[in-house]
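A.B. asks: need a 3D model of the following:
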Amino acid sequence: MKIVTHKFQQTPDRVCYLVNLVDHNGSPLESHLASNNKEKVEISEELAERHKVSVVFHNSGFSIIEG
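C.D. replies: Below you'll find the model as predicted:
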């Protein structure tokens, strides 16, 4: 498992972040909405600790693809 984050266009005027716990095939197992970058990092760290995940990708764009 790993954690992948990316930007999410919640409304035409609001961009936030999705924080996804994904399996080895890239399918989301758990998704959380973060309203800003700080919250994105906090949620990622909490998920990583809870699920014992060491790989976290913070994408700068709107894609879930890992770089």
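A.B. asks: I'd say residue 54 and residue 48 touch.
C.D. replies: Yes. Using C-beta atoms under 8 Å, residue 54 makes contact with residue 48 at a distance of 7.1 Å. (C-beta placed from N, C-alpha, C; glycine too.)
A.B. asks: so between those two, which is more surrounded?
C.D. replies: residue 48 (17 against 8; other C-beta atoms under 10 Å).
A.B. asks: what kind of secondary structure is the more buried one in?
C.D. replies: Judged by DSSP: H, G, I helix; E, B strand; the rest coil, the three-state class of residue 48 is helix.
A.B. asks: so it makes contact with residue 56?
C.D. replies: Yes. Contact criterion C-beta under 8 Å: residue 48 and residue 56 qualify, at 6.0 Å.
A.B. asks: what is in contact with the two at once?
C.D. replies: By the contact definition C-beta atoms under 8 Å, 6 or more residues apart in numbering, residue 48 and residue 56 are jointly contacted by residue 3.
A.B. asks: which residues touch the spatially closest residue to residue 3 that is not a sequence neighbour?
C.D. replies: The shortest distance from residue 3 to any non-neighbouring residue, by C-beta to C-beta, 6 or more residues apart in numbering, is to residue 56 (4.5 Å). Residue 56 makes contact with 2, 3, 4, 5, 44, 48 under the criterion C-beta under 8 Å, 6+ apart.
A.B. asks: and residue 40, what element?
C.D. replies: Under DSSP states H and E, the secondary-structure element containing residue 40 is helix 37-51.
A.B. asks: touching, residue 20 and residue 30? I think so.
C.D. replies: Yes. Taking C-beta under 8 Å as the definition, residue 20 is a contact partner of residue 30 at 7.2 Å.
A.B. asks: which one of those two has more residues nearby?
C.D. replies: Shown here are residue 20 and residue 30; by other C-beta under 10 Å, residue 20 has more neighbours (21 against 13).
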